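Student: Got a predicted model here, sequence first, then my questions.
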Amino acid sequence: MKFNIVNEDSTTKARAGVLETARGIIETPIFMPVGTQATVKNVNQQQLANQIQAQIILANTYHVYLRPGLEVLQAAGGVHQFMNWNKPMLTDSGGFQVFSLNDIRKITEEGVEFKSHIDGSKHFFSPERAMDIQRIIGADIIMAFDECTPYPCEYDYAKKSMHLTHRWLKRCIKQVDETQALYGFNQELFPIVQGSVYKDLRTESAQFIAEQDRAGNAIGGLSVGEPAEDMYEMTEHVCSILPHNKPRYLMGVGTPENILTCIELGVDMFDCVMPTRNARHGFIFTSQGIVNIKNKKWQFDFSPLDEQFTPDYSKAYLRHLIHVGENLGAQIASNQNLSFYLWLVKEARKHIIAGDFVTWKKNTLEIITRRL
């Protein structure tokens, strides 16, 4: 994996780059649609590649480990073959999902014992096991097994958790370095910075992660309920410590405004379930502003949902589909929202290269964040 910075904004830390992987090139900054269970909800792979123009997507280790299971994935030749996706993919380690189970998991130095949310069966993830599972899944970028602390979080717990994450990271690195990818494509491990909203912990964690000298680095434990100002402060601080010449991935973020602000702070990669989750509930991002398609005001509006991304379906028609619960409504809305997100980061990249990112960002946010 190689990462080259094409251009940097002269007044901010925004940068445009090219991330080369064995399965293809990713132009950054980039948004990665979330395919929790080896599918991006309500969108097929051809739409993802051709219409939405996704360059990389996510799969979730916890969920595909449970269903369809490792035997199926390995027999298929990995998740790419299984779901017919030939572009890059990233898998998280399952840590966030495991730790969100709260009452049905137990954390020890060795790892985490948890019960399946599906049938209550017991499972155990150690750092080594999480790496082996991600080898079998076969994603191009795999994430270290970490503990994602909640918000709010007491300082002492955040510190203890961060040090556990660091110890687990050393075990993840050892396991990855001593094993081989299974399907003929290299896999790169990204460590994850933790430390909640405490600047000294974030400093310590970012320095430790930087010292591991992996191909890229991630920032975790944000967008978990903390105020946006805290997220921005921690992101800016961590980006100032992480290596300049490696991609930075902010996990689980976020709104269009979050993404543009964090691009400005030096982040290269993003993922979030918001585009597809909001779409299912009729909350639509458009090039002219935000539409709550459930509102009665759209009942007789036969203008296109979005001239740029969805010119063939009217607001009135989408409102009808969402109102009666037709699957097509979720499909149209999901395509719209993901197309918008991928367009947004592509435009950000274009204006970083052109040298007018700050002006473009200000003007764009005024338009896309207004409620229609």
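Tutor: Arrived safely.

Student: Asn337: what's it in contact with?
Tutor: 274-276, 278-279, 284-285 (C-beta atoms under 8 Å, 6 or more residues apart in numbering). (Glycine included, C-beta is placed from N, CA and C.)

Student: Ok, Gln175 next?
Tutor: 127-128, 131-132.

Student: cool, His123 as well?
Tutor: His123 touches 65-66, 113-116, counting by C-beta under 8 Å, 6+ apart.

Student: Next, count neighbours for the nearest residue to Asp92 once chain neighbours are set aside.
Tutor: Nearest residue to Asp92, sequence neighbours excluded (C-beta to C-beta, 6 or more residues apart in numbering): Met143, at 4.9 Å. When neighbours are defined as other C-beta atoms under 10 Å, Met143 has 27 of them.

Student: Next step: the contacts of His123 restricted to strands.
Tutor: Secondary structure from DSSP state E places 113-115 of the contacts of His123 in strands.

Student: Neighbour count added to these, as JSON lines?
Tutor: What follows is the ones in strands among the contacts of His123, written out as JSON lines (neighbours: other C-beta atoms under 10 Å):
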{"residue": "Glu113", "neighbour count": "16"}
{"residue": "Phe114", "neighbour count": "22"}
{"residue": "Lys115", "neighbour count": "15"}
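
Student: Which one of these is nearest to Ala181?
Tutor: Taking C-beta to C-beta as the measure, Ala181 lies nearest Phe114 of those, at 26.5 Å.

Student: For that closest one, which residues count as its bridge partners?
Tutor: Arg105, His123 (DSSP bridges).

Student: Name all residues that make contact with the residue most central in space within the chain.
Tutor: Most central in the chain under C-alpha atoms, centre = their mean is Asp271, positioned 2.0 Å from the mean C-alpha point. With contacts defined as C-beta under 8 Å, 6+ apart, Asp271 is in contact with 31-34, 58, 90, 249, 251-253.

Student: got it, and Ala59?
Tutor: Ala59 makes contact with 35-38, 79, 89-91, 137, 139, according to C-beta under 8 Å, 6+ apart.

Student: Let me see the backbone angles for it.
Tutor: Main-chain dihedrals, Ala59, degrees, to the nearest 10: phi -130, psi 160.

Student: From Glu233, how far out is Thr12?
Tutor: 15 Å (C-beta to C-beta, to the nearest Å).

Student: Kindly apply the preceding question to His117 instead.
Tutor: His117 is 34 Å from Glu233, by C-beta to C-beta.

Student: Check the gap between Phe285 and Leu342 for me.
Tutor: 11 Å.

Student: ok, the two, which is more surrounded?
Tutor: Taking other C-beta under 10 Å, Phe285 and Leu342 do not tie; Phe285 has more neighbours (26 against 22).

Student: After the strand or helix carrying that one, heading C-terminal, what element do we hit next?
Tutor: Assigned by DSSP states H and E, Phe285 belongs to strand 283-286. Past strand 283-286, further along toward the C-terminus, the next helix or strand under DSSP H and E is strand 289-292.

Student: Next, the buried residues of that next one.
Tutor: By neighbour count on 16 or more other C-beta atoms under 10 Å, the buried set for strand 289-292 is Val291.

Student: any idea of the mean pLDDT for that strand?
Tutor: For strand 289-292, mean pLDDT is 98.

Student: Need the CA coordinates for it. PDB is fine.
Tutor: What follows is strand 289-292, C-alpha atoms only, in PDB (Å, rounded to 0.1, in the frame of the first residue of the first chain):
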ATOM      1  CA  GLY A 289     -30.300  21.200   1.200                       C
ATOM      2  CA  ILE A 290     -31.900  18.700   3.600                       C
ATOM      3  CA  VAL A 291     -35.400  17.200   2.800                       C
ATOM      4  CA  ASN A 292     -37.600  15.400   5.300                       C
END
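
Student: Name the strands paired with the following helix or strand past it and say parallel or antiparallel.
Tutor: Remark: after strand 289-292, the chain's next helix or strand is strand 304-306, criterion DSSP H and E. Strand pairing for strand 304-306, using DSSP bridges, gives strand 310-314 (antiparallel).
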